[in-house]
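S.K.: here is the input, now give the coordinates:
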Amino acid sequence: MSSVLKIENLWVSVEGRAILKGVSLDVKQGEIHALMGPNGSGKSTLAYALMGHPKYEITDGRVEIDGVELNELEPDARARLGLFLAFQYPVTIPGVKVADFLRHAVTNVRNPNRKEGEDLMPMRDFRKELKGRMEELDMDTDFARRYLNEGFSGGEKKRMEILQLAMLRPKFAVLDETDSGLDSDAVRFVSQSLARLTGPDMALIIITHHDRLLEFNKPQHTHVLLAGRIVETGDAALARELHDHGYAGVRSRHPDAAAEEKEALEQNALVGANK
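M.R.: Below is the predicted model:
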């Protein structure tokens, strides 16, 4: 039976200001969802709230995987339940090699009851699996000997996240504007790699402004966020419309949300001017 990520009437605030306002969404294993919307609509807020970032406070609603509520769980517990977040701007961890990081991460995600000090995944098994995954993704094995994201280009950082995705094998992968700042070749690599990794055991939630990541990952469901709410849901055709024509049509079809968006932008500009 396929697992389900259920988001029900989710309200999220940042520094006391409501950003998400009643978002509901069901994602089943194996599905591809595109989440689109203009800047400030709440896309990244949803991603961070799902993963348990402390800055993003869930004030109402619930998130659950197969009936297990995530709201009060730490990020590591959410990862063990099958949730993964690829960051828009991955962090650098000097002194920690890619292979060491992945071995610890894989061990802890796959063994939810593991206690501190217990053995890691056997080195022989880990190296064999890592090598196989890197070959599958056409990645040089020397990559694993480098320090995590230190001196990496933007494209290399995104390759690192795709490798994490391949090794951790989550049920639900959220990609927060993974195509941001990448050239065409890097975006194509990411898009093709995702297509190789996805299947009936993993769902994708692709947060994007463009359709480049969707080239090889056609969404069955496209959702449009505006002013913190999902105002429209469609299929891949909706994603193409948004890429080709922007959000003017969405705003005209949802004037109340557009007015709320405009008011929020004006308030933000006022706050910025007073700082």
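
S.K.: point out where the stretch 51-200 of the chain drops to low pLDDT.
M.R.: Of all residues in the stretch 51-200 of the chain, none has pLDDT under 70.

S.K.: and the contacts of stretch 87-102?
M.R.: 44, 126, 130, 143-150, 152, 157-158, 160-161, 163-164, 167, 176-178, 180 (Cβ atoms under 8 Å, 6 or more residues apart in numbering). Heads up, the C-betas are built off the backbone N, CA and C, glycines and all.

S.K.: count of neighbours near the closest residue to Gly181 other than its chain neighbours?
M.R.: Excluding the flanking residues, the one nearest Gly181 by Cβ to Cβ, 6 or more residues apart in numbering is Gly154, at 5.0 Å. Counted with other Cβ atoms under 10 Å, the neighbours of Gly154 add up to 14.

S.K.: ok, Gly154 - contacts?
M.R.: Per Cβ under 8 Å, 6+ apart, neighbours of Gly154: Gly181, Leu182, Ala186.

S.K.: from Ala227, how far off is Gly42?
M.R.: Counting by Cβ to Cβ, to the nearest Å, the gap from Gly42 to Ala227 is 8 Å.

S.K.: should've said Ala34
M.R.: Look at Ala34 and Ala227: by Cβ to Cβ, they are 19 Å apart.

S.K.: and for Leu163?
M.R.: Per Cβ to Cβ, Leu163 is found 36 Å from Ala227.

S.K.: who's more crowded, those two?
M.R.: Per other Cβ under 10 Å, whichever of Leu163 and Ala227 has more neighbours is Ala227, with 25 against 21.

S.K.: hmm, Lys43 and the more buried one touching each other?
M.R.: No: using Cβ atoms under 8 Å, Ala227 makes no contact with Lys43, being 12.0 Å away.

S.K.: could you export stretch 57-66 as PDB, CA atoms only?
M.R.: What follows is stretch 57-66, C-alpha atoms only, in PDB (Å, rounded to 0.1, in the frame of the first residue of the first chain):
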ATOM      1  CA  GLU A  57       5.500  28.000  13.300                       C
ATOM      2  CA  ILE A  58       2.500  25.900  12.500                       C
ATOM      3  CA  THR A  59      -0.400  27.700  14.200                       C
ATOM      4  CA  ASP A  60      -3.200  25.500  12.900                       C
ATOM      5  CA  GLY A  61      -3.700  22.300  10.900                       C
ATOM      6  CA  ARG A  62      -1.600  19.200  10.700                       C
ATOM      7  CA  VAL A  63       0.900  17.300   8.600                       C
ATOM      8  CA  GLU A  64       1.100  13.600   8.700                       C
ATOM      9  CA  ILE A  65       2.600  10.600   6.900                       C
ATOM     10  CA  ASP A  66       0.500   7.500   7.000                       C
END
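
S.K.: which parts of stretch 51-68 are buried?
M.R.: Met51, Gly52, His53, Tyr56, Ile58, Gly61, Val63, Ile65 (16 or more other Cβ atoms under 10 Å).
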